[in-house]
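Asker: predicted model follows, preceded by the sequence.
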Amino acid sequence: MARVALDDTDRMNIRVKPDVKARLLRAAALRHTDLTNFVTQSALREAESVIAEADALKVSERDLGRILELLDNPPKPNPKLRAAAKALPKSL
């Protein structure tokens, strides 16, 4: 299970080895930006990618066919579904 990251400050501190910092500084200079902006933008791109991957629904081709079939031809409601629908509040 994913850990929840909690942070209530606007500041973030990281420790990196001098050679890593030097490479980040060089890359930032090549992008004509400062280190903070370079690291923030790079991390944000990766974060968006991770979030998009986690939010994506992955189904097999077989399952997709079944889902589409059920959407086109839904089954008739059974007694349990009718009871659940009646138990819902009148306004959501």
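Answerer: Ah, there it is.
Asker: got the contact list for residue 70?
Answerer: Going by C-beta atoms under 8 Å, 6 or more residues apart in numbering, residue 70 touches no other residue. Yep, even glycine has a C-beta here, placed from its N, CA and C like the rest.
Asker: measure it to residue 21 for me?
Answerer: 54 Å (C-beta to C-beta, to the nearest Å).
Asker: check residue 64 too.
Answerer: From residue 64 across to residue 21, the span is 47 Å (C-beta to C-beta).
Asker: could you do residue 43 as well?
Answerer: Residue 43 sits at a distance of 15 Å from residue 21 (criterion: C-beta to C-beta).
Asker: do residue 30 as well
Answerer: Distance from residue 30 to residue 21, by C-beta to C-beta: 15 Å.
Asker: out of these two, which sits in the busier spot?
Answerer: residue 21 (13 against 9; other C-beta atoms under 10 Å).
Asker: which parts of the one helix or strand the more buried one maps to are buried?
Answerer: Element membership of residue 21, judged by DSSP states H and E, is helix 18-30. Within helix 18-30, the residues that count as buried by 16 or more other C-beta atoms under 10 Å are residue 28.
Asker: send me it as CSV with only the CA atoms.
Answerer: Below are the C-alpha coordinates for helix 18-30, written out as CSV (Å, rounded to 0.1, in the frame of the first residue of the first chain):
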residue,chain,number,x,y,z
PRO,A,18,28.3,16.7,-4.5
ASP,A,19,28.6,15.0,-7.9
VAL,A,20,24.8,14.7,-8.1
LYS,A,21,24.3,18.4,-7.2
ALA,A,22,26.9,19.4,-9.8
ARG,A,23,25.0,17.4,-12.5
LEU,A,24,21.7,19.0,-11.5
LEU,A,25,23.3,22.5,-11.5
ARG,A,26,24.7,21.8,-15.0
ALA,A,27,21.4,20.6,-16.3
ALA,A,28,19.6,23.6,-14.8
ALA,A,29,22.1,26.0,-16.4
LEU,A,30,21.6,24.3,-19.8
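Asker: done for today, thanks.
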